[in-house]
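Trainee: Give me coordinates for this.
(4 chains)
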Number of protein chains: 2
Amino acid sequence: MNLKNLSDLLGLSQTTVSRALNDYPEVSEATRARVKAAAIKHHYRANTRAKSLATGRSMAIGHVIPISTRHEIVNPIFADFIAGAGEVYSRNQHDMLLSVVPDVEEERTYRELAAKASVDGVIVHGPRPNDPRIPLLKSLGIPFVVHGRASDGDTDYSWVDVNNRRSFERAANFLFDLGHRRLALINGLEFMDFAKRRKEGFLAAHAARGVAANPALMVTGEMTEDFGFRAAGAMLARPDAPTAFIVSSMIMAIGVRRAISDARLKLGRDISVIIHDDALSYLPNGADIPIFTATKSSVHEAGKLCAQMLLDIINAGDRTPRHTLLETELTVGESTGPA
Amino acid sequence: MNLKNLSDLLGLSQTTVSRALNDYPEVSEATRARVKAAAIKHHYRANTRAKSLATGRSMAIGHVIPISTRHEIVNPIFADFIAGAGEVYSRNQHDMLLSVVPDVEEERTYRELAAKASVDGVIVHGPRPNDPRIPLLKSLGIPFVVHGRASDGDTDYSWVDVNNRRSFERAANFLFDLGHRRLALINGLEFMDFAKRRKEGFLAAHAARGVAANPALMVTGEMTEDFGFRAAGAMLARPDAPTAFIVSSMIMAIGVRRAISDARLKLGRDISVIIHDDALSYLPNGADIPIFTATKSSVHEAGKLCAQMLLDIINAGDRTPRHTLLETELTVGESTGPA
DNA sequence: TGCCAAATTGAAAGCGCTTTGAATATGAAC
DNA sequence: GTTCATATTCAAAGCGCTTTCAATTTGGCA
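Mentor: Prediction:
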């Protein structure tokens, strides 16, 4: 069933039928009702490709998911973020186009998306300091929103980010207030911007208290359970073992917990742990009382915000950058206690 | 830069340029080379919408991700599956169209995808027994592949699935062989087909050994850490506590491990655990020696297989169903021992 | 009754590509 | 030098929609 069939059926021109369905005013209410009824009855839906060819808008948003050729890991945050964004797209009749590409081909992918005109805008995932994608997208003229920020370089673009620096500074201060002095940081890979900012916050808190941060207690790595386990295990074996950990993700923290329990220590009593909690739907931080004391910020919500911001930008047609900086919630759980 | 511009530039007709780029034989090698060079030089890529309007193929595959209105959870398996499928699509110049929709609107979404002709085929996620989507997609005439199977009802469709029944039967037998008699099953929600099959396998092993399965030791629920923790905690507190657990996912098992350690028991010595390991990239089952004894099957691989099967079906044009049944690998880790 | 503005409808062009059918150029065979 | 098959190129139609511009109808008012 296409427009021609439908209009023939109704004895109307394609013009009128198209206008009736798209709520143009120059169509009588009587015909509009008749047309809409017929459209529903015959399950008519405008062919997306034809429609977007005619209008010049694809009604689709692109997400380019780079698969690291070195690390072969899929960001576990991804599912919840996508789900959040997807909800917004569905509600606004947009499609989501996902490209999973080896990171080395990322630039080519963006260029193709632009040239093939298959999306109206893109979300940029996992920004790195001085990220080359930002100038690229600007030069291509595609509207985009970055989930996170890329420090250094051009900062004149739209983003939604968590205040990672402040968040980790607060976490460190919380531990200092409990009397801890030997804090460990188990962070994500440092070429990711968020990890860099978290470390800065961690160090800033140390500086403010006049406590020297021990480089041996600051590690960065893949955000896996296994890495958390090894890193924490190694640190706990040191003579200058930390009394508290700040951990960049729930998944890593699960490994940290395993290391702590393997070392026959009790979480919250012998050792304190604060995590950053992305509020992943399948890893809730306890039901009533949080298992971990955490700086919490829902990545599902971030997905929604990014998507909404991008749609707003596209609709507004005005390209002045927008920013949303989310503060985390510091929720106290059972994993922290006095030193 | 569009086809017209490019052909004007070259002093050729659009026909010839199009043919040159699409490797049609009736174009001289000299012109083909000239055209291809110019295309690269001017970053020309055919507009997807125009192309698919002309060819009738959208070169896109749809994935409908239902968000349960009740459970609000995103399947953690999702990211790795999508990454696997996405790799295959990229390699074959296909796009992936993701629709995140409340489960109640799923039917409407499939109908729209069909009517709007925005995809050439779809992957069906999370089949349930007697799943209504299968007859629906058949009636709509869209090629599709199911990740998993829907027992009961029409079985005449293409799928890629793990042999869940056999897998859990083997796991139970492995524990029986170690001398365990009181086995617990911590399973996914039973309206999911895979969970149903796993339970069948669990029960089949019991029946074969003449051991009565204790209904109190078989639970189903959300696949979260928290559910695993609570379920295992409650069971361990019983007078007829299990000596071994079979757990349907790594994430649940992490909760089980927490419950075990809270009960001051040692995993692998006091209590055995076998998990089903989907080999999620961010939750590796230990680095050298597996933490958990597991029935393992990579969901990333399953994503690739589903995608490849669907593309094959679309290209073959032949609609006879194909099936791939994957056997799991039973790898012995440190979480099991004699009763 | 006649006139003009407003309301309503339609024909046709165009979005950027593929593909059919026709036209032209080339070259081998006579 | 023709002739005809083959190789190469092109003009134009068509994919299903939107939108411009033109045509028609309607109704208010003098």
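
Trainee: Going by C-alpha atoms from here, please, whenever you check contacts or count neighbours.
Mentor: Fine.

Trainee: ranges for the strands of chain A?
Mentor: For chain A, the strands defined by DSSP state E cover A:60-67, A:95-102, A:121-124, A:144-147, A:158-162, A:183-187, A:218-220, A:244-247, A:272-277, A:293-296, A:323-326, A:329-331.

Trainee: would you turn those strands into TSV with mean pLDDT and distance to B:Pro66?
Mentor: Below are these laid out as TSV (pLDDT from 0 to 100; distance: least, C-alpha to C-alpha, whole Å):
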stretch	mean pLDDT	distance to B:Pro66
strand A:60-67	91	19
strand A:95-102	92	14
strand A:121-124	96	22
strand A:144-147	96	24
strand A:158-162	97	26
strand A:183-187	98	33
strand A:218-220	98	35
strand A:244-247	98	32
strand A:272-277	98	24
strand A:293-296	97	26
strand A:323-326	97	28
strand A:329-331	96	29
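
Trainee: out of these, which comes closest to B:His180?
Mentor: strand A:272-277 (36.1 Å; C-alpha to C-alpha).

Trainee: hey, C-alpha coordinates of that closest one in PDB?
Mentor: Extracted in PDB, the C-alpha atoms of strand A:272-277 (Å, rounded to 0.1, in the frame of the first residue of the first chain):
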ATOM      1  CA  SER A 272      36.400   1.300  52.700                       C
ATOM      2  CA  VAL A 273      35.300   1.500  49.100                       C
ATOM      3  CA  ILE A 274      33.600   4.300  47.200                       C
ATOM      4  CA  ILE A 275      32.500   3.600  43.700                       C
ATOM      5  CA  HIS A 276      31.200   5.600  40.800                       C
ATOM      6  CA  ASP A 277      27.800   4.100  40.100                       C
END
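
Trainee: ok so, going back, would you list the strands of chain A in TSV and tack on mean neighbour count and distance to A:Phe176?
Mentor: Listed next are the strands of chain A as TSV, based on neighbours: other C-alpha atoms under 10 Å in any protein chain shown; distance: least, C-alpha to C-alpha, whole Å:
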stretch	mean neighbour count	distance to A:Phe176
strand A:60-67	22	38
strand A:95-102	23	42
strand A:121-124	24	36
strand A:144-147	26	31
strand A:158-162	22	23
strand A:183-187	26	9
strand A:218-220	19	16
strand A:244-247	26	10
strand A:272-277	28	11
strand A:293-296	24	14
strand A:323-326	15	24
strand A:329-331	16	15
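
Trainee: residues from chain A in reach of DNA strand C?
Mentor: A:11-16, A:26-29, A:31, A:50, A:53-54, A:56 (C-alpha under 7 Å from any atom of the strand).

Trainee: Out of these, list just those in helices.
Mentor: In this view, those that belong to helices under DSSP state H are A:Gln14, A:Thr15, A:Thr16, A:Glu29, A:Thr31, A:Ala50, A:Leu53, A:Ala54.

Trainee: isn't A:Thr220 right next to A:Met192, touching?
Mentor: No. A:Thr220 is not in contact with A:Met192 according to C-alpha atoms under 8 Å; the separation is 10.3 Å.

Trainee: Count residues in the vicinity of the residue nearest to A:Tyr110 when sequence neighbours are not counted, would you?
Mentor: Nearest residue to A:Tyr110, sequence neighbours excluded (C-alpha to C-alpha, 6 or more residues apart in numbering or on different chains): A:Leu137, at 7.5 Å. The burial count assigned to A:Leu137 is 19, neighbours taken as other C-alpha atoms under 10 Å in any protein chain shown.

Trainee: correct me, but A:Leu137 touches A:Thr109?
Mentor: No. Using C-alpha under 8 Å, A:Leu137 is not in contact with A:Thr109; the gap is 11.1 Å.

Trainee: quick one: the helices in chain A?
Mentor: Using DSSP H, helices in chain A cover A:3-10, A:14-21, A:29-41, A:48-55, A:77-91, A:106-115, A:133-140, A:164-177, A:193-209, A:225-236, A:250-262, A:299-316.

Trainee: Does anything pack onto the last one? Which helices or strands?
Mentor: What that stands for is helix A:299-316. helix A:77-91, strand A:121-124, strand A:144-147, strand A:158-162 (3 or more C-alpha pairs under 8 Å, 6 or more residues apart in numbering or on different chains; DSSP states H and E).

Trainee: Show me the one of these that comes nearest B:Asp177.
Mentor: Per C-alpha to C-alpha, nearest to B:Asp177 of the helices and strands packed on helix A:299-316: helix A:77-91, 38.7 Å.

Trainee: Quick check: which ranges of chain A have low pLDDT?
Mentor: A:70-72 (pLDDT under 70).

Trainee: what does it put close to DNA strand D?
Mentor: A:2-4, A:14-16, A:18-19, A:22, A:45-47, A:50-51, A:53-55.

Trainee: Which ChimeraX command selects the buried ones in the residues you listed?
Mentor: Of the residues of chain A next to DNA strand D, the buried ones can be selected in ChimeraX as follows, counting by 16 or more other C-alpha atoms under 10 Å in any protein chain shown:
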select /A:2,3,14,16,18,45,46,47,50,51,53
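
Trainee: Out of the strands of chain A, which is closest to chain B?
Mentor: Closest to chain B of the strands of chain A is strand A:95-102 (C-alpha to the nearest C-alpha; 4.8 Å).

Trainee: near chain B, anything from that closest one?
Mentor: Yes. Shown here: strand A:95-102 in contact with chain B (C-alpha under 8 Å from any C-alpha of the partner chain) through A:Asp95, A:Met96, A:Leu97, A:Leu98, A:Ser99, A:Val100, A:Val101.

Trainee: Can you name the residues bridging to the last one?
Mentor: So the one you mean is A:Val101. Per DSSP bridges, the residues bridged to A:Val101 are A:Pro66.

Trainee: Against A:Val124, how distant is the residue nearest to A:Tyr110?
Mentor: 10 Å (C-alpha to C-alpha, to the nearest Å).

Trainee: Now for those two: what residues contact both?
Mentor: The contact sets of A:Leu137 and A:Val124 overlap at A:Phe144 (C-alpha atoms under 8 Å, 6 or more residues apart in numbering or on different chains).

Trainee: A:Val160 reaches A:Gly148, doesn't it?
Mentor: Yes. The pair A:Val160 and A:Gly148 passes the contact test of C-alpha under 8 Å, sitting 5.8 Å apart.

Trainee: for stretch A:326-339, how far is the first residue from the last?
Mentor: So stretch A:326-339: terminal residues 30 Å apart, C-alpha to C-alpha.

Trainee: Buried residues, it. List them.
Mentor: Here stretch A:326-339 shows A:Thr328, A:Leu330, A:Val332, A:Gly333, A:Glu334, A:Ser335, A:Thr336, A:Gly337, A:Pro338, A:Ala339 as buried, counting by 16+ other C-alpha under 10 Å.

Trainee: what does stretch A:250-270 give?
Mentor: A:250-261, A:267-268, A:270.

Trainee: So of those residues, which two are at opposite extremes in space?
Mentor: Farthest pair in those, by C-alpha to C-alpha: A:Ile251 and A:Asp270, 21.0 Å.
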